[in-house]
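Enquirer: Please work out how this folds:
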Amino acid sequence: MFECGCISFLGTIAYVLLLIGGLNWGLVGAFDFNLVSFLFGDGTLISRIVYLLVGLSAVVSIFMVIAHYVKKSRM
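Expert: Reported below is the predicted structural model:
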């Protein structure tokens, strides 16, 4: 996705976490089933950490997309 190894690794982690979050929200919308709460408990520390990591991955992804298009526009 990006040339720098650290960005690529960070981007991969963010992408995986966004997939997990997207699948979880899809399950909530389609079946009213929250997989994170089912696996880790409702409102537990670990479930809150999962939600926090998914949210942070979205923020990281936003900055990575902006950086990609800024770099692309300068070429």
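Enquirer: Neighbours of Ser8, how many?
Expert: The number of residues packed near Ser8 is 13, by other Cβ atoms under 10 Å. The C-beta positions use only the backbone N, C-alpha and C, and glycine is treated the same way.
Enquirer: Look at it and report its pLDDT.
Expert: pLDDT for Ser8: 79.
Enquirer: Next: Val70.
Expert: Per-residue pLDDT puts Val70 at 89.
Enquirer: same thing with Met1?
Expert: Looking at Met1, its pLDDT reads 46.
Enquirer: Arg48 now?
Expert: With respect to pLDDT, Arg48 scores 96.
Enquirer: quick one: low-confidence ranges for this protein?
Expert: Judged by pLDDT under 70, the chain has its weakly predicted residues at 1-7.
Enquirer: Any idea how far the longest helix belonging to it is from the middle of the chain?
Expert: Using DSSP state H, we find that the single longest helix of the chain is helix 45-73. On the basis of Cα atoms, centre = their mean, to the nearest Å, helix 45-73 sits 6 Å off its chain's mean C-alpha point.
Enquirer: got a list of contacts for stretch 27-40?
Expert: Stretch 27-40 has contacts (Cβ atoms under 8 Å, 6 or more residues apart in numbering) with Leu23, Asn24, Asp42, Gly43, Ile46, Ser47, Val50, Tyr51.
Enquirer: mind running it again at 10 Å?
Expert: 20-21, 23-26, 42-44, 46-51, 54 (Cβ atoms under 10 Å, 6 or more residues apart in numbering).
Enquirer: Sweet, I'm off.
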